[in-house]
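J.: Kindly generate the corresponding structure for this input.
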Amino acid sequence: MKDQDEAITQTVLTFAQPVLVGLPKPCSKEQFAGVMRTVLTVWNAVVKDGLDGGEKHETAVLATIAAAPKPVQLMVKRLIKRKKTKFAEFDQVIGQHWVHEQGGEVLFGCEAAVVEPPAPSAVPFKLK
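T.: Here you go, the predicted structure:
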């Protein structure tokens, strides 16, 4: 794993810590992977909204979990707030990620994706 991938992996795991402490001990690879999918979905939604200058991705995440149990909704809302307040300076979208099991231990890694900022709006003009 590259140094920058190790750094973003550690940052994401630190971001996810409040959720990860609630997992059963030991937790299965599937349980860990499910939680990390939610964590990364929230992370990427907030980052993309920051790049786009809106809240459409956050709104979509919240709409997706509207029928979920209240504890799940609360967890997601807390993750959104945590990303915006304590991890706001990290503006990298997470692309690839993986969860492996090795020697009875669950391992996680991720890579930052390269995201182009949105193109400026075209303003029509007339040539004289």
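J.: So which residues of this structure form helices?
T.: Secondary structure of the chain, counting by DSSP state H: helices at 3-20, 29-52, 56-64, 70-86.
J.: Tell me which residues of the second one come out buried.
T.: By neighbour count on 16 or more other CB atoms under 10 Å, the buried set for helix 29-52 is 32-33, 35-36, 38-50. Bear in mind the C-beta positions are built from the backbone N, C-alpha and C, glycine included.
J.: For it, which helices and strands make contact with it?
T.: helix 3-20, helix 56-64, helix 70-86, strand 93-102, strand 105-113 (3 or more CB pairs under 8 Å, 6 or more residues apart in numbering; DSSP states H and E).
J.: Tell me how far the longest one lies from the chain's centre.
T.: Between the mean C-alpha location of helix 3-20 and the chain-wide mean there is a distance of 10 Å, by CA atoms, centre = their mean, to the nearest Å.
J.: and if you look at the third one?
T.: A distance of 11 Å separates the centroid of the chain from that of helix 70-86, by CA atoms, centre = their mean.
J.: and it, C-alpha only, in CSV?
T.: Below are the C-alpha coordinates for helix 70-86, written out as CSV (Å, rounded to 0.1, in the frame of the first residue of the first chain):
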residue,chain,number,x,y,z
LYS,A,70,-33.9,5.1,14.2
PRO,A,71,-30.5,4.0,15.6
VAL,A,72,-29.2,3.7,12.0
GLN,A,73,-30.5,7.1,11.0
LEU,A,74,-28.9,8.6,14.1
MET,A,75,-25.6,7.0,13.4
VAL,A,76,-25.6,8.3,9.8
LYS,A,77,-26.5,11.8,10.9
ARG,A,78,-23.8,11.8,13.5
LEU,A,79,-21.3,10.6,10.9
ILE,A,80,-22.3,13.5,8.6
LYS,A,81,-21.8,16.0,11.4
ARG,A,82,-18.5,14.4,12.4
LYS,A,83,-17.2,14.6,8.8
LYS,A,84,-18.3,18.2,8.4
THR,A,85,-16.8,19.4,11.8
LYS,A,86,-13.9,17.2,12.7
